[in-house]
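Trainee: let me see the structure of the following:
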Amino acid sequence: MANGANDVDTEQTLKCLHVKMYHPHNRHDKRIFSAFNLGRKEEVKAEEAAVFGRDVNVCRFKLLNSKASRLQFMFQYFKPLHSSSMAFEIKNLSKKTKLHVDGVELDYLNKVDLPDKCMINFGDFQMLLETEDGESEDLYAICCEVSQTPLVQDINGPVMVGISETGQQYSQASTCLYLSVPSTPPPVEVDENDL
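Mentor: Have a look, this model is predicted:
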């Protein structure tokens, strides 16, 4: 009995990386994400990297699409210097495809720390990542699901992105919006006489 009580006291929750994935061909080719245990938390040892890619012998998370690289990217669990909490980083393992993390472009073997919520994309793949807190330093979890709608929407045309101290406006030819809620129709103007 005392042993069981000690186990309850020492049990720690796992930090979990939730990955929502989208690919435009998934509607026609259900194989793309078929090797994933969708909706289930998969435990990974802290010292092991979670590798995504096409190689079924090396990758724990298999992307069954000919456009995916044999080794696409990996998540690594680590403790930042002078920090008590664990974190994730992502490293691009593809020599042919650049990886974008919230608009930051990563070439082959470049890596970056993941914020608590971010968007990554490569080729036609889009993934929304969200971190759920946990205390364990020995294990972490990854939970994947598939979205049937795009997670990123491209906007063409000038988009105002800021005003400098001199008052000059800067614009960008295109940008990305992250969709977290379904789009709503634009407001309709109503004339006072119509009321």
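Trainee: do you know how far P80 is from K95?
Mentor: To K95, P80 is 28 Å away according to C-beta to C-beta, to the nearest Å. Where you see a C-beta, it was placed from the backbone N, CA and C, and this is true even at glycine.
Trainee: low pLDDT regions in the chain?
Mentor: 1-10, 153-195 (pLDDT under 70).
Trainee: and the one helix or strand H100 maps to, how far from the chain's centre?
Mentor: Using DSSP states H and E, the element containing H100 is strand 99-101. Distance of strand 99-101 from the chain centroid (C-alpha atoms, centre = their mean, to the nearest Å) equals 10 Å.
Trainee: listing partners with orientation, what would you give for it?
Mentor: Strand pairing for strand 99-101, determined by DSSP bridges: strand 104-106 (antiparallel), strand 117-122 (antiparallel).
Trainee: need the residues that contact the next helix or strand after the shortest one.
Mentor: This means strand 104-106. Using DSSP H and E, the helix or strand that directly follows strand 104-106 along the chain is strand 111-113. Residues outside strand 111-113 that contact it (C-beta atoms under 8 Å, 6 or more residues apart in numbering) are 76, 80, 87-92, 101, 104, 106.
Trainee: just the buried subset of those residues, please.
Mentor: Neighbour counting with 16 or more other C-beta atoms under 10 Å marks 76, 87-92, 101, 106 as buried within the contacts of strand 111-113.
Trainee: ok, the contacts of strand 111-113 vs Y22, which is closest?
Mentor: V101 (15.9 Å; C-beta to C-beta).
Trainee: now the closest one, nearest residue through space, not along the chain?
Mentor: In space, and not counting its chain neighbours, V101 is closest to I120: 5.1 Å by C-beta to C-beta, 6 or more residues apart in numbering.
Trainee: now the one you found: how far from R31?
Mentor: Computed with C-beta to C-beta, the distance linking I120 and R31 is 21 Å.
Trainee: can you check C118 too?
Mentor: Distance of C118 to R31, computed by C-beta to C-beta: 27 Å.
Trainee: beta partners for the most centrally placed residue in the chain?
Mentor: Per C-alpha atoms, centre = their mean, the C-alpha nearest to the average position across the chain is that of L129, at 2.9 Å. For L129, the beta-bridge partners are V19, C118 (DSSP bridges).
Trainee: so it sits right up against I142, yeah?
Mentor: No. L129 is not in contact with I142 according to C-beta atoms under 8 Å; the separation is 9.7 Å.
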